[in-house]
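Participant: give me a model of this one.
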Amino acid sequence: MDRKEFLSIAGITAASFALINCMGCSKQSDNASAGITGPTGVDFTLDLSLSANSALLVNGGYLASKGVIVAKTTTGSYIAVQQSCTHESYPLIYQSSGQQFFCNNHGSAFTEAGVVKNSPANRNLTVYQTTLTGTSLRIFS
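Facilitator: Residues are numbered from 1 along each chain as shown. Take a look at the predicted model:
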């Protein structure tokens, strides 16, 4: 192999790596600008009589299930939103004292209605409907 062939192969290899890295960066920036959306076609039921769901018996309690955070507000209403922050898809927690969903990673916060309160998130959360029948709490889109 002469010098010209070597440089040609090295150039193609470097260009390939650069292209792969650029494609990865492009995907991340697309997600950041478009925002992360919650699951679609959501329809599941939580049995509140089961110990696994006991957090929802207390005002201010919450749990995550199937990509959704389900919370019982301080006033006793049930609310459900996507579990992932719309900024970079980190899991959210429910803070009943602040009546908000919060991302511990970058500090984004959302109202109980899923509306952005502070950045870096710039897209609202997907909100799901809830219906309580006896001890069965249905969460659906």
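Participant: sheet partners, orientation included, of the top strand by length along the chain?
Facilitator: Longest strand in the chain by number of residues (criterion: DSSP state E): strand 127-133. Here strand 127-133 has these sheet partners by DSSP bridges: strand 78-82 (antiparallel), strand 136-140 (antiparallel).
Participant: how about residues contacting it?
Facilitator: Contacts with strand 127-133, where a contact means C-beta atoms under 8 Å, 6 or more residues apart in numbering, come from 38, 42, 68, 70, 78-82, 113-114, 137-141. Where you see a C-beta, it was placed from the backbone N, CA and C, and this is true even at glycine.
Participant: please pick the buried ones from those.
Facilitator: 38, 42, 68, 70, 78-82, 114, 137-139 (16 or more other C-beta atoms under 10 Å).
Participant: please name whichever of those residues scores lowest on pLDDT.
Facilitator: Among those, Gly38 carries the lowest pLDDT, at 92.
Participant: which residues touch that one?
Facilitator: 67-68, 81-84, 125-126, 128.
Participant: if we go to 10 Å?
Facilitator: Counting by C-beta atoms under 10 Å, 6 or more residues apart in numbering, Gly38 touches 67-69, 80-84, 86, 114, 125-128, 141.
Participant: dihedrals phi and psi, Ser96?
Facilitator: Backbone geometry at Ser96, expressed as degrees, to the nearest 10, gives phi -70, psi -30.
Participant: no further questions, thank you.
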